[in-house]
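Colleague: here's my sequence, what's the structure:
(one chain, ligands or ions: 1)
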Amino acid sequence: MRRQEGGDVAVEARPGSEAWPAAAQALEGRPPAEVLAWAAEAFAPRVAFGTGFGAEGCVLIDIIGRHRLPIEVFTLDTGLLFPETYALWRRLEERYGISIRAVRPRLSVEEQGAAHGPRLWERDPDTCCAVRKQAPLRAALAGLDAWITAIRRDQTRERSQARTVERDLRFGLMKVNPILGWTTEDVWAYLRQHDVPYNPLHDRGYPSIGCFPCTGPVRPGEDPRAGRWRGSRKTECGLHASHPARALPVFRAAEEGGGDAHPR
Ligand code: SF4
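Modeller: Numbers count the residues shown, from 1 in each chain. I've put the predicted structure just below:
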């Protein structure tokens, strides 16, 4: 065991050891840079950050890039992202000198139209997300021991139950959420302080940005995610656990025999 520079959280670099679940639990509420350094120490090279280039994702890319952490960054390129999002993708790569890997669905948008009919997102967004997001994510996570996300607890009811380090039962690996306890204000204060590039759509009323057919601006006072799948009951892409049983705090996972499922 070693102690993380600049912090007081003990870092156990070997998942599967007796002390590791307690070390992971101790990361609750710690600074994101500390959590990311821990994740790199514990899991690299079998760890990656999946981003959709939201404001929160830009924070984590900045930390990973500036500290040169050995954490791969990837994005789910559905083929339906806003031009502004594709431009931000390139800008972040240039700014930090990193390559952000594109993870694409098996079917192009045209092939999906031929197989399922045009504009599937209007008729059956769950199937569309399954094809264009969930299946590619599952493929991207295969072979990894942990993935990092930029979710925050206050974004959705589903995310309110998340832990900084938890076992993702849906995808079968560890999940690390370094800015879980941050607020919108925390995110924007960080972006401004560090002059981090972000999507200009945020300045045009889009607090949450996904695929262009399913994302619209929100009105003042609306929920920040009200522009996603507006008019339907859908609130999530299905990438993050929608039920507590699909994600366990790491210490519980260990008690239940899952905490050392990914030894080096
Ligand atoms: Fe399809 Fe919309 Fe999901 Fe994108 S967000 S994969 S367009 S349903």
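Colleague: got the CA positions of stretch 81-89 in PDB?
Modeller: Output of stretch 81-89 as PDB, limited to C-alpha atoms (Å, rounded to 0.1, in the frame of the first residue of the first chain):
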ATOM      1  CA  LEU A  81     -23.800  13.900 -32.800                       C
ATOM      2  CA  PHE A  82     -24.000  17.600 -33.300                       C
ATOM      3  CA  PRO A  83     -21.400  19.300 -35.500                       C
ATOM      4  CA  GLU A  84     -20.400  21.300 -32.400                       C
ATOM      5  CA  THR A  85     -19.700  18.000 -30.600                       C
ATOM      6  CA  TYR A  86     -17.500  16.700 -33.300                       C
ATOM      7  CA  ALA A  87     -15.600  20.000 -33.400                       C
ATOM      8  CA  LEU A  88     -15.100  19.900 -29.600                       C
ATOM      9  CA  TRP A  89     -13.800  16.300 -29.900                       C
END
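Colleague: that stretch - what's its average pLDDT?
Modeller: For stretch 81-89, mean pLDDT rounds to 98.
Colleague: list the buried residues of that stretch.
Modeller: Leu81, Phe82, Glu84, Thr85, Leu88, Trp89 (16 or more other CB atoms under 10 Å). (C-beta placed from N, C-alpha, C; glycine too.)
Colleague: so which of those are in helices?
Modeller: When those are checked against helices (DSSP state H), the matches are Glu84, Thr85, Leu88, Trp89.
Colleague: state the distance from the second one to Tyr198.
Modeller: This means Thr85. As judged by CB to CB, to the nearest Å, Thr85 and Tyr198 stand 11 Å apart.
Colleague: joint contacts of these two?
Modeller: Contact with both Thr85 and Tyr198 is made by no residue, according to CB atoms under 8 Å, 6 or more residues apart in numbering.
Colleague: now, which of the buried residues of stretch 81-89 lie close to the ligand?
Modeller: Here nothing survives when the buried residues of stretch 81-89 are matched to the ligand using CB under 6 Å from any ligand atom.
Colleague: the ligand: which of the residues you listed is nearest?
Modeller: Leu81 (8.6 Å; CB to the nearest ligand atom).
Colleague: residues in contact with Leu144?
Modeller: Leu144 neighbours (CB under 8 Å, 6+ apart): Phe43, Arg46, Val47, Ala48, Leu173.
Colleague: I'd assumed it was in a strand, is it?
Modeller: No - read with DSSP: H, G, I helix; E, B strand; the rest coil, Leu144 is coil and lies in no strand.
Colleague: for it, which non-adjacent residue is closest in space?
Modeller: Arg46 (5.0 Å; CB to CB, 6 or more residues apart in numbering).
Colleague: next, give phi and psi for that neighbour.
Modeller: phi -100, psi 50 (degrees, to the nearest 10).
Colleague: so where's the chain uncertain?
Modeller: 1-14, 238, 241-264 (pLDDT under 70).
Colleague: please name the nearest non-neighbouring residue to the most centrally placed residue in it.
Modeller: Taking CA atoms, centre = their mean, the centroid of the chain lies closest to Thr149, which sits 2.5 Å from it. Counting by CB to CB, 6+ apart, Thr149 lies nearest to Asn177, which is 5.4 Å off, once chain neighbours are set aside.
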